[in-house]
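**Q** my questions are about this predicted structure, shown below with the sequence.
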Amino acid sequence: MSNPGNINDLIHYLIFGSLAFIILSSAIMVITRKEVVHSALFLILCFFGVAGLYVQLRAQFLAAVQILVYAGGIMVLYLFVILLVNRRAIEETKRSKSFKKISILVGLVLLLEFVLIFMGTFLKEGAKEKIIEGSFSMGSTEYIGSVLYTKFLFPFELVSVVLLAAMIGAIVLSKRKI
Amino acid sequence: MIPLNWYLFLSAVLFIIGAIGVLTRKNAIVILMSIELMLNSATINFIAFSHYLNSATGQIFAIMIITVAASEAAVGLAIIIAMFRNKNSINLDDYSLLKG
């Protein structure tokens, strides 16, 4: 762990902790709500938390893109489709009781293993010395633009073909008569 | 400066929550939303590594991930609309034609 007396680090940890709490609690809410619209709204909250995490990681362009495209485009599409297909309440099937005990036991064993691995990663002190703090301009729009259109031109064009294919596919799949 | 393993474990836990959502829910739209959670956890991983290795490649790949997630959501939702037109239900228990 880094020097705990540093107030800057404490603020970093506080921001990370609150953002992680928002992300994980809203993700748990997404998978447990009975009403689909509530799940969609909690997913939007999760995306806002993830965007805050990106800002903390000096990727401000990605944070803006995440809010615009993910929370503002994809989730609006989800809400439209929920509007169209939410006819009646969907009953979640009940599982048998013996499955429940075994699954809780296996889940606890896995959780214990997970926690042990997490504690173990703090023991390796050598790996942390290689951490290079990213400069602020690396996540800026100018730098992303200058890299995206020169070094990563081929993936950029490929992704545009993917979008075209998805557009055609979505239109054909949702037509009544092809 | 937060060490890298915190971000990796956050993304791992988010992935697990998404996987539990895919495995337990019966509503097709909630399953698609859990897939979005898993995609987001992978994107957090990419951006964390891009920060800690001082390279913009992670952020560029995160843009690609968001683009592919958008196209996958569009096609998946079109499929759900077609399913709903056929059977008037998106409960995956009703789609058991292949069951023996």
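**A** Yep, it's here. Numbers count the residues shown, from 1 in each chain, chains lettered A, B, ... in the order given.
**Q** name the nearest residue to A:V37, ignoring sequence neighbours.
**A** Nearest non-adjacent residue to A:V37, counting by C-beta to C-beta, 6 or more residues apart in numbering or on different chains: A:I82, 6.0 Å away. In this view, the C-beta of every residue, glycine as well, is placed from N, C-alpha and C.
**Q** list of residues touching the strand or helix carrying that neighbour?
**A** Counting by DSSP states H and E, the element that carries A:I82 is helix A:75-85. With contact meaning C-beta atoms under 8 Å, 6 or more residues apart in numbering or on different chains, helix A:75-85 is reached by A:36-37, A:40, A:43-44, A:47, B:29, B:32-33, B:73-74, B:77, B:80-81, B:84, B:90.
**Q** quick one: contacts for the most far-flung residue of chain B relative to its centre?
**A** In terms of distance from the mean C-alpha position of chain B, B:G100 ranks first, at 29.9 Å (C-alpha atoms, centre = their mean). Shown in contact with B:G100 (C-beta under 8 Å, 6+ apart): no residues.
**Q** look up how far B:L92 lies from it.
**A** According to C-beta to C-beta, to the nearest Å, B:G100 and B:L92 sit 17 Å apart.
**Q** next: B:A62.
**A** According to C-beta to C-beta, B:A62 stands 30 Å off from B:L92.
**Q** do the same with B:A19
**A** 16 Å.
**Q** give me the domain ranges for chain A.
**A** A:1-88, A:135-178 (automatic domain parsing).
**Q** by mean pLDDT, point me to the weakest helix or strand of chain A.
**A** In chain A, no helix or strand scores lower on mean pLDDT, DSSP states H and E than helix A:97-120, which sits at a mean of 82.
**Q** any idea how far that one is from the chain center?
**A** Offset of helix A:97-120 from its chain centre (C-alpha atoms, centre = their mean, to the nearest Å): 23 Å.
**Q** run through who's touching that helix.
**A** With C-beta under 8 Å, 6+ apart as the test, helix A:97-120 has contacts from B:N5, B:F9, B:A12.
**Q** tell me, which of those make contact with chain A?
**A** Among the contacts of helix A:97-120, the ones lying near chain A by C-beta under 8 Å from any C-beta of the partner chain are B:N5, B:F9, B:A12.
**Q** what is the burial count for the second one?
**A** The reference is to B:F9. 16 (other C-beta atoms under 10 Å in any protein chain shown).
**Q** the one helix or strand it maps to versus helix A:97-120: what angle between them?
**A** Element membership for B:F9, per DSSP H and E: helix B:4-24. Angle, helix B:4-24 to helix A:97-120, by axes from the mean of the first three to the mean of the last three C-alpha atoms, to 10 degrees: 170 degrees.
**Q** where along chain A do the strands fall?
**A** Here chain A has no strands by DSSP state E.
**Q** circling back to that earlier point, more crowded one of B:A62 and B:L92?
**A** B:A62 (24 against 15).
**Q** the host helix or strand of that one and chain A, are they touching?
**A** Assigned by DSSP H and E, B:A62 belongs to helix B:57-87. Yes. For helix B:57-87, a contact with chain A is found by C-beta under 8 Å from any C-beta, at B:57, B:59-60, B:62-64, B:66-75, B:77-82, B:84-85.
**Q** which strands and helices sit next to that helix?
**A** Here helix B:57-87 touches helix A:60-65, helix A:75-85, helix A:141-148, helix A:153-173, helix B:28-52, going by 3 or more C-beta pairs under 8 Å, 6 or more residues apart in numbering or on different chains; DSSP states H and E.
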